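In: sequence and predicted model, in that order:
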Amino acid sequence: MNKQEADILNLLAEHPFQNQRILAEQSGRSLGIINKSLKNLKDEGYLTTDYKVTEKTEQLLAGNSPKRAVILAAGFGMRMVPINLTTPKAMLEVKGERLIERLIRQLQEAGITDITVVAGFLKDEFEYLIDDFNVRLVINKEYAGKNNLHSLACVLDLPGNVYIVPCDLWCEENPFRSHEITSWYMMADAADPESGVRVNRKEEIVRVGNKAQGKKNENEVDAPHMISDRIPVPGDPEDMLRGQRMVGISYLTEDDWKMVRERIREMSRDARYDNLFWEESLFEEGKDRMRIPARVISSDGVIEINTYEQLRDLDSGSGHLSSDAIDTIARVFDIEPQEITDISMLKKGMTNRSFLFRVKGMKYIMRIPGEGTDQLINRQEEAAVFRAISGLGFCDDPVYINPDSGYKITAFLEGVRSCDPENEEDLKLCMKRLRTFHEMNLQVPHTFDIFRQISFYETLWNGAPSIYRDYPKTKAGVFELKEYIDKQPKSWSLTHIDAVPDNFLFHQKNGEEVLQLTDWEYSGMQDPHVDLAMFSIYSLYSKEKIDHLLDIYFEGKCTDAVRTKIYCYVAACGMLWSNWCEYKRQLGVEFGEYSLRQYRYAKDFYRYAKERM
């Protein structure tokens, strides 16, 4: 039985046959296909002569029909900024109904009562569903660092005949059915330039072009895709490279779920797949077609809500459109909220969440403090830093900054690129700019005390031990270096503290390339040479590359004592950011190799410094 015959048989199981024309309208297929399919189904014993389902069909339906559903709701919903700061995407209110509640009700109306919700971000928001809707709640502890393939890996104990459902869909009509005969993956009939797949004339889902698989990757991380350059899709040659919108709902029979389950189990053990969507498991390794066919629906019937503006377009009265960040922008620019357009998430930073928006034809960036940032940053001190550097050309002065909320609005710089720490010319330009800043000997009323911050970040662990077994020994060694540092001669002036490659921005201004420094929120009085240590450890430099960086900054005149002092700073700053990462880890934010390497800097450069002493 092919996909067309299965769909027609499914319709006849739910609606008694009236005539071929009505069946063509219901199925969206031509009369020729309807007549051919009806004949084949009768010949194979699935339909009687008057087009009623037979006992053979009843047995097929009983074996393949839906028994359960999994709703994937663990992610940050990064593109829903600024709503996602306080509300999981699944809890968005549309036309008086929460997205996830509507999906659950629609499943229940189709007879599906065995429903599992996989949560992660703001997981406590989902707890009430257990009592109100009798769902099973499963927590994906790795939601912050991995994509939804790992959410599905949390429920591999479930049997098949299962709907897989993303949480961010508004379905006007119920997309779920009490009868299913075959597995399928739901596709919309509209083009999507960001999609990496489309449906061919055989109703197969095939890869197109050289794009990432699954719905759009919110974390913007490269991953293996195994995609061929061009798929031979029948039809207009232009269609061969044109993506089609992936709705995301899927149905998997027991047999197909077994295959997918094994593939997910295998992929979830491989770090290369940490940032892939679960749909990648529907492709056999190295193949460009999904194991299961498409179920194509009208784009108007199911709406995916990924951004603030999409929610506003669907339901301008949604209570979740009320946002302090949006209200702030409207107040600053003296406009109505609906005049704020082109809202989009910038790449998730290590400390903050920032989004791009347009007002009166101009682009701006709004910074919103990230998880736990209120414990890490003193915004009054940050405002003092901006007063000290204002007008000096080290950065564009903020359009707006609020020391209480941490909100900051700056003009968007076109054509910006950050420093490449492996590019020699970039290093020379950045170190020259950094040295110029240091030589200005700017002053502010506050200090950034590295060793005090190390201990402070440790207090934020709320009594939990370090994840590193030898942490007490490592910390004791790093603190031994303080006495040596304190004895060294040094200047004392405003230091950036976070002078890492990503914060050196090259951009065009009046036809010339300009180099600026951004992200001054940790800045304070300190030995300026700390900035060199920070640049090095963020770049994950080896000892040899750190020495080379010092040679560039000091123009070949770095004394042995200063080099040893900076080694001490590398060790201390490595411990500082390792402790910072441990705090963020408790908030569900992981930094992978970066965190581990910072701890290694604390240990290795303690040893290098002691050897030089």
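Out: Happy to help now that I have it. Because the structure is predicted, anything quoted here is derived from the model rather than measured.

In: from here on, contacts and neighbour counts on C-alpha atoms
Out: Noted.

In: tell me where the stretch 251-400 of the chain has helices.
Out: 254-267, 308-314, 324-333, 379-389 (DSSP state H, counting those that start in this stretch).

In: where along the stretch 301-450 of the chain do the strands fall?
Out: Using DSSP state E, counting those that start in this stretch, the strands of the stretch 301-450 of the chain run over residues 302-304, 341-345, 352-359, 362-369, 400-401, 408-411, 417-418.

In: what is the mean pLDDT for the third one?
Out: It stands for strand 352-359. The predicted model gives strand 352-359 an average pLDDT of 84.

In: against which helices or strands is that strand packed?
Out: Applying 3 or more C-alpha pairs under 8 Å, 6 or more residues apart in numbering; DSSP states H and E, one finds that strand 352-359 contacts strand 341-345, strand 362-369.

In: now the second one
Out: The criterion is 3+ C-alpha pairs under 8 Å, 6+ apart, and the helices and strands that strand 341-345 contacts are helix 308-314, strand 352-359.

In: ditto for the fourth one
Out: When contacts are defined as 3+ C-alpha pairs under 8 Å, 6+ apart, strand 362-369 sits against strand 352-359, strand 408-411.

In: list the neighbouring strands of the last one plus their orientation.
Out: This points to strand 408-411. strand 362-369 (antiparallel), strand 400-401 (antiparallel) (DSSP bridges).

In: winner for burial among these?
Out: Of the strands paired with strand 408-411, the one with the most neighbours on average (mean count of other C-alpha atoms under 10 Å) is strand 362-369, at a mean of 19.

In: what is the mean pLDDT for it?
Out: Mean predicted confidence for strand 362-369 is 87.

In: now it against strand 341-345, angle please.
Out: Strand 362-369 runs at 40 degrees relative to strand 341-345, counting by axes from the mean of the first three to the mean of the last three C-alpha atoms, to 10 degrees.

In: coming back round to it: which stretch among the helices and strands packed on strand 362-369 comes nearest Arg245?
Out: strand 352-359 (24.1 Å; C-alpha to C-alpha).

In: could you check the angle helix 324-333 makes with that closest one?
Out: 50 degrees.

In: which strands and helices sit next to whatever helix or strand Glu582 lives in?
Out: If you go by DSSP states H and E, Glu582 is part of helix 560-586. Helix 560-586 sits against helix 450-459, helix 471-487, helix 530-538, helix 593-612, with contacts defined as 3+ C-alpha pairs under 8 Å, 6+ apart.

In: how far out from the middle of the chain is it?
Out: Offset of helix 560-586 from its chain centre (C-alpha atoms, centre = their mean, to the nearest Å): 28 Å.

In: tell me the angle it makes with helix 450-459.
Out: Here helix 560-586 points in a direction 20 degrees away from that of helix 450-459 (the same axes, to 10 degrees).

In: still on that earlier bit, save the helices and strands packed on strand 362-369 as JSON lines, and put in mean neighbour count and distance to Asp527 too.
Out: Formatted as JSON lines, the helices and strands packed on strand 362-369 follow (neighbours: other C-alpha atoms under 10 Å; distance: least, C-alpha to C-alpha, whole Å):
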{"stretch": "strand 352-359", "mean neighbour count": "19", "distance to Asp527": "26"}
{"stretch": "strand 408-411", "mean neighbour count": "20", "distance to Asp527": "27"}
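
In: how about the ones you listed, which one is nearest Ala572?
Out: Using C-alpha to C-alpha, the nearest of the helices and strands packed on strand 362-369 to Ala572 is strand 352-359, at 23.4 Å.

In: dump the C-alpha coordinates for the closest one into CSV.
Out: Taking Å, rounded to 0.1, in the frame of the first residue of the first chain, the C-alpha atoms of strand 352-359 are listed here in CSV:
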residue,chain,number,x,y,z
ASN,A,352,23.4,38.6,28.4
ARG,A,353,20.6,38.1,25.9
SER,A,354,20.5,40.7,23.1
PHE,A,355,18.1,41.3,20.3
LEU,A,356,18.0,43.3,17.2
PHE,A,357,15.1,45.6,16.3
ARG,A,358,14.3,48.4,13.9
VAL,A,359,12.7,51.8,14.7
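
In: show me where pLDDT drops low in the stretch 151-300 of the chain?
Out: 209-242 (pLDDT under 70).

In: quick one: low-confidence ranges for this structure?
Out: Ranges of the chain meeting pLDDT under 70: 77-81, 83-86, 209-242, 347-352, 370-376, 588.

In: what about 50?
Out: For the chain, applying pLDDT under 50 flags the ranges 210-241.

In: just to revisit the earlier point, which one of the strands paired with strand 408-411 lies closest to Asp334?
Out: strand 400-401 (12.9 Å).

In: redo the helices and strands packed on strand 362-369 as TSV? Include distance to Asn441.
Out: Output for the helices and strands packed on strand 362-369, formatted as TSV (distance: least, C-alpha to C-alpha, whole Å):
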stretch	distance to Asn441
strand 352-359	28
strand 408-411	25
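
In: of those strands, which approaches Ala476 most closely?
Out: Using C-alpha to C-alpha, the nearest of the helices and strands packed on strand 362-369 to Ala476 is strand 352-359, at 30.9 Å.

In: chain center to the closest one, what's the gap?
Out: That offset, for strand 352-359, works out to 16 Å (C-alpha atoms, centre = their mean).

In: quick revisit: and the helices and strands packed on helix 560-586, which is most packed in?
Out: helix 530-538 (a mean of 23).
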